[in-house]
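Trainee: Have a look; sequence and predicted model below, questions after that.
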Amino acid sequence: MENLHSAWSFFLEFFEFFILVLTVFIIFLFIHDKYVQRKHALLINYPVIGRMRYFFEALREPLRQYFADETFYESKDKVDWVYKAAKDKPNYMSFSVHQPFAGSRFIIKHATNVLNEDEVDEDTSVVFGENREIPFVAKTPVIRSAMSDGALSPEAVRAFALAGKNSDLTINTGEGALTSNHLFTFKPNLKNDKFLEVVKSTPLAEIIFKIGDCVFNRKVALKWYRTILLNKKTQNTYIYDTASHVLFRINWDAPLDVFPKEVPQSVPDMIFQMSSGLYGVRDENGAFDEERYKKVISFCRMTEIKIAQGAKQTGGKLAGSKVTADIAYYRGVEEGKDLFSPNRFPFADSLENLLYFVEKLQNLSKKPVGFKIVISDVDSIEELAKAIVQRHKEGKPIPDFITVDSGEGGSATAPLELMESVGLTTNNALYLLDTILKKHQIRDKIKIIASGKILTPDDIAITMCMGADAVGIARGFMMSGGCIRAKMCSGFGSHVCPVGMATQDPKKRASYLVVKEGMEIGNYHKNLIKSLKVILAVMGIKNIKGLDKDKLTFKNHNGEIYFDIDKYFHHKLHI
């Protein structure tokens, strides 16, 4: 009893002291808000209590996704599908969806005689650049959309590389160039790979590595190992090879003839994206470097020129906090300064010059080359199609593919005034592009990749029915890799990704589990393809090549049904 009484007395004394300190703090805060600060009129009129507004404002976005209906996608159920697919859990529902799809929507037509799943082709490949010397056969129609190393953390890029290799996922490098992290799965041949810059172990490094691995874990051991052997600032430009126990990176100064003649089998299939900043393929003066491009493309399957993106028609933007020494090394820019790419691609001041540059890259790489655009009206696509037709008549090469993008945001940042205010939505833009290319009889010569708010297998099926040969997915893959949609990607101000995925903050990055997340990203991709085949079976289609507009019905918000998609779009788009 005496001990209990003493404990109670201590608690009361502590509570009294806490109340006293709190009271003094509130008084000082009241005086500061009312008489000292002159930034917020609200706090002058409502000192202390006015701060509740800022508190609840800060909580609004993080809590919205937990306590409100999903507004960005059709329903919260679609978001849940991604997370379950990444965990490779059964994705079935009972009774009904939690948030019914509302408004206008496409409906997939089922067949009178559906197929069994074993009657659907296992082959889901898409061929790009059939006429190129080295075509690209993508194993599935799903591409992880462009997300740059720099916008994403080194660890996240490594996880995507791992998923790409293990699940046959095609990775778009994003405009930040091909980096060491994209080559995370590369297995070097130390005797023959003369294009590598190799750092071998030392006795001290060996001892420290073994201590870290024994006492803590392999991640800690590698961190210590890197710190001893490498320059602290650029140590993330090196990849650790478990087999040879060395650290390596590409030596871009090595002669071109020592670079791989074929893409190494140990790396994922990658699309190299070239942006207006020409990152990774520019010389010291920022001009296009043909030899450097040839070196880069020796690791990639094809090239995508970034003319515009759904949220960033002005070129990519990377906060100075994300431009680390590593990123500066990869991109050939100054460390620590905001990196805003030029608005216009340097070789796209006219359609003629753009198409000529496409031809130049095709000749340099011998591989497929295309470009990424945002569509705002029919006239611009008509002009593009006519220019391509003219080149084709003259016997000149034409683009192997066109990527059409829409939507907003991304893994870096974009101006609010451009988000969803410039460019048509995916289905409208895709319909226009597909229709006009068919009108000019060149559709069969150009593949179309479509991206923008594609998340689940039905989204893929609908987009491919609308005319896409392949789809690009960004958010779905970010979510499968651990993104919690906190909207803290940009790196500006206090915006730091809390899970270490879209940040360069060392402490946050240290928590990102590369192998685990890489496996879950791969699971998401595998389940997308698996469930897409289920949809094909229900539609009575054996192969993805059978997906077409006649397999869709459209219901508008008034309940009107269009069984002929062309009639709906002709009425809607007035074409």
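Mentor: Perfect, thanks for sending it. Everything numeric in this text was worked out from a predicted model, so none of it was measured. Numbering: from 1, shown residues only.

Trainee: What residues does residue 338 make contact with?
Mentor: 317-320, 323 (CB atoms under 8 Å, 6 or more residues apart in numbering). Every residue, glycine included, has its C-beta placed from N, CA and C.

Trainee: right, and residue 538 touches residue 108 too?
Mentor: Yes. Because the distance of 7.5 Å satisfies CB atoms under 8 Å, residue 538 is recorded as touching residue 108.

Trainee: quick one on the thing from earlier: in the contacts of residue 338, which has the lowest confidence score?
Mentor: In terms of pLDDT, residue 317 ranks lowest among these, with 75.

Trainee: My understanding was that it contacts residue 340; is that so?
Mentor: Yes. Using CB under 8 Å, residue 317 makes contact with residue 340 at a distance of 5.1 Å.

Trainee: who has more neighbours, those two?
Mentor: Neighbours around residue 317 and residue 340, counted as other CB atoms under 10 Å, are more numerous at residue 317. The numbers are 21 against 14.

Trainee: still on that earlier bit, which of the contacts of residue 338 fall within helices?
Mentor: If you go by DSSP state H, these have nothing in helices.

Trainee: which among those gets closest to residue 52?
Mentor: Using CB to CB, residue 319 comes nearest to residue 52 of these, at 29.8 Å.

Trainee: And for the closest one, nearest residue in space, chain neighbours not counted?
Mentor: What sits nearest to residue 319 in space, not counting adjacent residues and going by CB to CB, 6 or more residues apart in numbering, is residue 491, at 3.5 Å.

Trainee: Low-confidence regions, the stretch 351-500 of the chain specifically.
Mentor: Where the stretch 351-500 of the chain drops to pLDDT under 70, the residues are 407-422, 493-494.

Trainee: Contact partners for residue 117?
Mentor: Contacts of residue 117 by CB under 8 Å, 6+ apart are 533-534, 537.

Trainee: swap in residue 85?
Mentor: Counting by CB under 8 Å, 6+ apart, residue 85 touches 91, 480, 523-524, 527-528, 531.

Trainee: Out of those, which sit inside strands?
Mentor: Nothing among the contacts of residue 85 maps onto strands, per DSSP state E.

Trainee: Tell me the one among these nearest to residue 405.
Mentor: Closest approach between the contacts of residue 85 and residue 405, by CB to CB: residue 528, at 19.0 Å.

Trainee: Isn't that closest one up against residue 461?
Mentor: No. The pair residue 528 / residue 461 is not scored as a contact, 10.4 Å apart, by CB under 8 Å.

Trainee: which of the two has more neighbours?
Mentor: residue 528 (29 against 25).

Trainee: need the contact list for that one.
Mentor: Applying CB under 8 Å, 6+ apart, we find residue 528 in contact with 85, 142, 456-457, 460, 473, 476.

Trainee: sorry, back to before: neighbour-wise, which of the contacts of residue 338 leads?
Mentor: residue 318 (28 neighbours).

Trainee: Against residue 147, how distant is that one?
Mentor: Going from residue 318 to residue 147 by CB to CB, to the nearest Å gives 12 Å.

Trainee: With residue 501 instead?
Mentor: To residue 147, residue 501 is 10 Å away according to CB to CB.

Trainee: what's the longest helix in this structure?
Mentor: helix 2-31.

Trainee: I'd like the average pLDDT over it.
Mentor: Mean pLDDT, computed over helix 2-31, is 88.

Trainee: Quick one: name whatever helix or strand follows that helix.
Mentor: Counting by DSSP states H and E, the element after helix 2-31 in chain order, helix or strand, is helix 41-45.

Trainee: What residues sit buried inside that following helix?
Mentor: Within helix 41-45, the residues scored as buried using 16 or more other CB atoms under 10 Å are residue 43.

Trainee: I'd like the average pLDDT over that helix.
Mentor: Mean pLDDT, computed over helix 41-45, is 87.

Trainee: next one: stretch 117-134
Mentor: 96.

Trainee: quick one: buried residues of that stretch?
Mentor: Buried residues in stretch 117-134, counted by 16+ other CB under 10 Å: 120, 124, 126, 128-129, 132.

Trainee: In helices, which of these appear?
Mentor: The members of the buried residues of stretch 117-134 all map outside helices under DSSP H.

Trainee: and the residue nearest to residue 319, how many neighbours does it have?
Mentor: Number of residues near residue 491 (other CB under 10 Å) recorded here: 25.

Trainee: Relative to residue 22, how far out is the nearest residue to residue 169 once chain neighbours are set aside?
Mentor: Nearest residue to residue 169 in three dimensions, chain neighbours excluded: residue 525, at 4.6 Å (CB to CB, 6+ apart). Between residue 525 and residue 22 the distance is 52 Å, computed by CB to CB.

Trainee: Likewise for residue 339?
Mentor: Relative to residue 22, and taking CB to CB, residue 339 is found at 45 Å.

Trainee: elements contacting the one helix or strand residue 463 maps to?
Mentor: Assessed by DSSP H and E, residue 463 sits inside helix 457-465. Judged by 3 or more CB pairs under 8 Å, 6 or more residues apart in numbering; DSSP states H and E, the packing partners of helix 457-465 are strand 105-108, helix 426-439, strand 470-473, helix 514-539.

Trainee: Columns distance to residue 275 on top of the ones you listed, output as TSV?
Mentor: Shown next, in TSV, are the helices and strands packed on helix 457-465 (distance: least, CB to CB, whole Å):
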stretch	distance to residue 275
strand 105-108	32
helix 426-439	20
strand 470-473	16
helix 514-539	24
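
Trainee: Ok, which of the ones you listed comes nearest residue 158?
Mentor: Closest of the helices and strands packed on helix 457-465 to residue 158 is helix 514-539, at 4.9 Å (criterion: CB to CB).

Trainee: Would you mind pulling up the elements that the next helix or strand after that closest one packs against?
Mentor: Next helix or strand after helix 514-539 toward the C-terminus (DSSP H and E): strand 552-555. Counting contacts by 3+ CB pairs under 8 Å, 6+ apart, strand 552-555 packs against strand 105-108, strand 561-562, helix 565-573.

Trainee: Make TSV from the ones you listed and add mean neighbour count and distance to residue 554 to it.
Mentor: What follows is the helices and strands packed on strand 552-555, written out as TSV (neighbours: other CB atoms under 10 Å; distance: least, CB to CB, whole Å):
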stretch	mean neighbour count	distance to residue 554
strand 105-108	16	6
strand 561-562	14	4
helix 565-573	15	5
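
Trainee: Those: which one's closest to residue 287?
Mentor: Once those are compared by CB to CB, helix 565-573 is nearest, at 40.7 Å.

Trainee: and that closest one, what other elements does it pack with?
Mentor: helix 426-439, strand 552-555.

Trainee: Touching it from outside, list them.
Mentor: Residues outside helix 565-573 that contact it (CB under 8 Å, 6+ apart) are 378, 428, 431-432, 435, 466, 549-550, 552-554, 562, 575.
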